[in-house]
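Asker: 3D model of this:
(chains A and B)
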Amino acid sequence: MGDDIDGDLSQRKSSGVMEEENKDENEVPVLFFNYHEFVATDPNTVGPQLVINHFPNNHSGLDSSTYRDTRIVRIPRIYSTIDMSDIIPQFSIFPLGEEPNAIIENSASGTLKTYKIEGEYDVNFFGQTSLTPLVPDLITSDELILIVTRINRELYEAFDPYSVWNALDNILELITGTFYSKIVNTFIFETHCKRKLAQLELYIEELNKKYSNIEGKGFKIISLRRSAYLSLDIEIPRPLNIDPR
Amino acid sequence: MTKVRNQHKEKPTGTDLEPTFVERLIYNWLITDPNLNISTAKNYQVQHHDSMKYIFFFGGRLRTVKGRPIVILTGALIIVPAVLFWCYEAKWLWHNVSSAPVIIFSYMWMLTFMFFIRASTSDPGVLPRNIHIPLKVDKTTKQFGPTAPEEYYNIISVPYYQNDNNGRARSNDASINLKYCPTCHIWKPARTSHCNVCNCCVLHHDHHCKFLNNCVGPRNYQYFLWFLLCATIGNVLLFILSFIQIFYYKLETIPSVQRFEQSINLHPAAFFLAIYSFFTMLYPALLLGFHLVLTSKYLTTREYLNNVWGKRHNPDFVNFFDTGSMWKNLYISWIGKPKGVSMFRLIDPYEPGDLRLEKINPLPTF
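Answerer: Predicted coordinates:
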């Protein structure tokens, strides 16, 4: 199944798994990685270790053609970029597949690393590094980071507890004994947070119009409302092993 | 608003008759137990997971958790003194003292009652299921497997924001732990936990309140806090007003009343309310004090009980979410935090095959 490049791969720099207290001078700093991905081997052959980083499309029914023909790449939530990341969802702005603790290939720097299929697992094809079929095959890393940064900013403005509009919505609600949200928010206008999130949904729809129709290389961003802001899911065409050999 | 204790309702068909409009209105909209599966038009009417405990009212807009309906007792405890007050005390106060105390107490009671309704019947921040399934799901058995990858059983550490609120750097090992929920099949965001009573993951989970028959999470924590505050203040007000009524004979000369016993005979409701409000103030006041301390440190009840209290006291526990300033912590929990949106829209039309509502077995534990 291709070259034996095990020797060139680095495993994760820090385990990322919570360990017992070993607070001494040699403590390894915690590094971020895409915790949705995992490592597996094809049980049928003695093959290389594969990094599973794209997943079945749970957002469509099991019988649909979408489930059969697409996969999902997940951008995880990150907690080290802003202060209140337990209230404000933020997504990882590291280059996808090249997070600090990702599994990378030690090739010459400067070469553009792309997704390379190395093996099969669970009826799908995967590579040996954390790189995904999305970047840079379907979109460049910089463009994706720009999109995620914009999404993060909109989320920050929506959920920021120090925002005047959020505070005003809450204070009005408290003074009127919840009648503000029953009457005004139902019939006149929505709360600031909901308005901002609706704007975010429109932005994602615009992006989808731009990116989903590209022949053979289209991808689609799943609505954040649908994925409950747990991760930024991107639907890509299923990678097929078109082996030139 | 009636509530059902158990599943006594049968499907309203014995023959092949279509349910009537009234039956549809009652079972599909007014009170809906998704286990009974009468209609499957909207999301709140569908439920395939085991032992989900929600009952919905008014078309999925309000909810409660099946179990002992203690929330009815709590509601009665709130309504009874108000009714007595308006029947017996209000008129007296209006004419003999002034109209202001009546209005202020009525307003405080209205706040308490509305916050109680909101805290006990609104969505705490429930997360949908089956969003992060890592392997293909078999169409017939609706399982993926045989098991999840080993990494999904670990507790993962990711770094947390390095600076505290004053811009100073936290220690280098500021990190938080993330876990995968084996029942809901999602990677839980920080501070999310799975409530065993409601059988779902709740964002920023504080605790499950037996008196409200509902979990307390980010979307109703503010209502819960202000409910406690207004209940305490309302009880204090009621106590004071009843006191005034009982001991009014010492301020003004009333011909028929010279002694305490006579005053009580004249105003029995006030006497009852004075005692009642004293005792019903105790528990909310206790909880209020507890939550004031918790919110000033930006801890949830769950984190407190797991790491700080009593035997479980962990001296190495650091709450990285603490902003560092007591006032900012209080502001965030009491005023600032927005309610957001529901993570799973119950009033949306049901799409058959929606994996968020399909039953996929919990992961086996080792």
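
Asker: can you give me phi and psi for the residue nearest the centre of chain A?
Answerer: With distances taken as Cα atoms, centre = their mean, A:Ile75 lies nearest the centre of chain A, 0.9 Å away. Torsion angles at A:Ile75 (phi, psi; degrees, to the nearest 10) stand at phi -100, psi 120.

Asker: quick one: contacts for B:Ser263?
Answerer: By Cβ atoms under 8 Å, 6 or more residues apart in numbering or on different chains, the contact list for B:Ser263 reads B:Ile246, B:Phe247, B:Tyr248, B:Tyr249, B:Val257. Quick note: C-beta positions are derived from backbone N, CA and C, even for glycine.

Asker: Just the pLDDT at the last one, thanks.
Answerer: Put plainly, it is B:Val257. On pLDDT, B:Val257 comes in at 76.

Asker: tally of neighbours for the residue lying closest to it once chain neighbours are set aside?
Answerer: Counting by Cβ to Cβ, 6 or more residues apart in numbering or on different chains, B:Val257 lies nearest to B:Tyr249, which is 4.2 Å off, once chain neighbours are set aside. Close neighbours of B:Tyr249, defined as other Cβ atoms under 10 Å in any protein chain shown, add up to 19.

Asker: And for B:His48?
Answerer: 15.

Asker: What of A:Ser65?
Answerer: A:Ser65 has 9 nearby residues by other Cβ under 10 Å.

Asker: Show the pLDDT at the residue nearest to the centre of chain A.
Answerer: 94.

Asker: residue contacts, it?
Answerer: Listed by Cβ under 8 Å, 6+ apart, the contact partners of A:Ile75 are A:Asn34, A:Phe91, A:Ser92, A:Leu96, A:Val148, A:Ser231, A:Leu232, A:Asp233, A:Ile234.

Asker: Am I right that the fourth one falls within a strand?
Answerer: No. According to DSSP: H, G, I helix; E, B strand; the rest coil, the state of A:Leu96 is coil, so it is not within a strand.

Asker: these two touch, right, it and A:Val135?
Answerer: Yes. The criterion here is Cβ atoms under 8 Å, and A:Leu96 meets it with A:Val135 at 4.7 Å.

Asker: Spell out which residues are contacts of both of those two.
Answerer: A:Ser141, A:Leu144.

Asker: now, which of the contacts of A:Ile75 sits nearest chain B?
Answerer: Comparing the contacts of A:Ile75 against chain B with Cβ to the nearest Cβ places A:Ser231 closest, at 6.9 Å.

Asker: I'd guessed the closest one sits against B:Pro189; true?
Answerer: No. Judged on Cβ under 8 Å, A:Ser231 makes no contact with B:Pro189 at a distance of 9.4 Å.

Asker: Could you pull out the buried residues of stretch B:30-38?
Answerer: Buried residues in stretch B:30-38, counted by 16 or more other Cβ atoms under 10 Å in any protein chain shown: B:Ile31, B:Thr32, B:Asp33, B:Pro34, B:Leu36, B:Ile38.

Asker: hey, C-alpha coordinates of that stretch in PDB?
Answerer: The C-alpha trace of stretch B:30-38 is given here as PDB (Å, rounded to 0.1, in the frame of the first residue of the first chain):
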ATOM      1  CA  LEU B  30     -51.300  20.800  24.300                       C
ATOM      2  CA  ILE B  31     -49.600  17.900  26.000                       C
ATOM      3  CA  THR B  32     -47.300  15.700  24.000                       C
ATOM      4  CA  ASP B  33     -45.500  12.700  25.300                       C
ATOM      5  CA  PRO B  34     -43.200  11.700  22.400                       C
ATOM      6  CA  ASN B  35     -43.100   8.100  23.500                       C
ATOM      7  CA  LEU B  36     -46.700   7.700  22.400                       C
ATOM      8  CA  ASN B  37     -45.900   8.600  18.800                       C
ATOM      9  CA  ILE B  38     -49.300   9.700  17.700                       C
END
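
Asker: pLDDT (mean, whole number) over that stretch?
Answerer: Here the average pLDDT along stretch B:30-38 is 76.

Asker: again, but for stretch B:107-119
Answerer: 95.

Asker: what do you get for stretch B:79-92?
Answerer: Stretch B:79-92 shows a mean pLDDT of 91.

Asker: Could you tell me the end-to-end distance of it?
Answerer: 20 Å (Cα to Cα, to the nearest Å).

Asker: Likewise for stretch B:298-310?
Answerer: 19 Å.

Asker: Enumerate the positions of the longest helix along chain B that are buried.
Answerer: When chain B is parsed with DSSP state H, its longest helix is helix B:268-297. For helix B:268-297, a neighbour-count test (16+ other Cβ under 10 Å) marks B:269-274, B:276-277, B:280-281, B:284-285, B:287-288, B:291, B:294-297 as buried.

Asker: Tell me which entries of the buried residues of stretch B:30-38 lie within strands.
Answerer: Using DSSP state E, the members of these that fall in strands are B:Ile31, B:Thr32.

Asker: What is the burial count for A:Thr178?
Answerer: 20.

Asker: Surely it and B:Phe115 touch.
Answerer: Yes. At 6.8 Å, A:Thr178 counts as touching B:Phe115 under the criterion of Cβ under 8 Å.

Asker: Quick check: neighbours shared by those two?
Answerer: B:Tyr223.

Asker: secondary structure class for the closest residue to B:Met281 other than its chain neighbours?
Answerer: Among residues not flanking B:Met281 along the chain, B:Asn235 sits closest, at 3.6 Å (Cβ to Cβ, 6+ apart). Applying three-state DSSP to B:Asn235 yields a three-state assignment of helix.

Asker: who touches B:Asn235 in this structure?
Answerer: B:Asn235 neighbours (Cβ under 8 Å, 6+ apart): B:Ser277, B:Phe278, B:Thr280, B:Met281, B:Pro284, B:Ala285.

Asker: make it 7 Å
Answerer: Under the criterion of Cβ atoms under 7 Å, 6 or more residues apart in numbering or on different chains, the contact list for B:Asn235 reads B:Ser277, B:Thr280, B:Met281.

Asker: Looking at those, which is nearest A:Asn170?
Answerer: Minimum distance to A:Asn170 across these is 25.8 Å, recorded for B:Met281 (Cβ to Cβ).

Asker: separation between the closest one and A:Gln199?
Answerer: Here B:Met281 is placed at a distance of 45 Å from A:Gln199 (Cβ to Cβ, to the nearest Å).

Asker: Roughly how far does the residue of chain B most remote from its centre sit from B:Tyr249?
Answerer: Most distant residue from the mean C-alpha position of chain B: B:Pro255, 50.5 Å away (Cα atoms, centre = their mean). According to Cβ to Cβ, B:Pro255 stands 10 Å off from B:Tyr249.

Asker: Can you show me the helices along the chain?
Answerer: Defaulting to chain A. Counting by DSSP H, chain A has helices at residues A:65-69, A:141-159, A:164-175, A:179, A:185-187, A:192-211.

Asker: try again with chain B
Answerer: Going by DSSP H, chain B shows helices at B:21-24, B:70-84, B:90-96, B:100-121, B:221-246, B:260-266, B:268-297, B:301-307, B:326-331.
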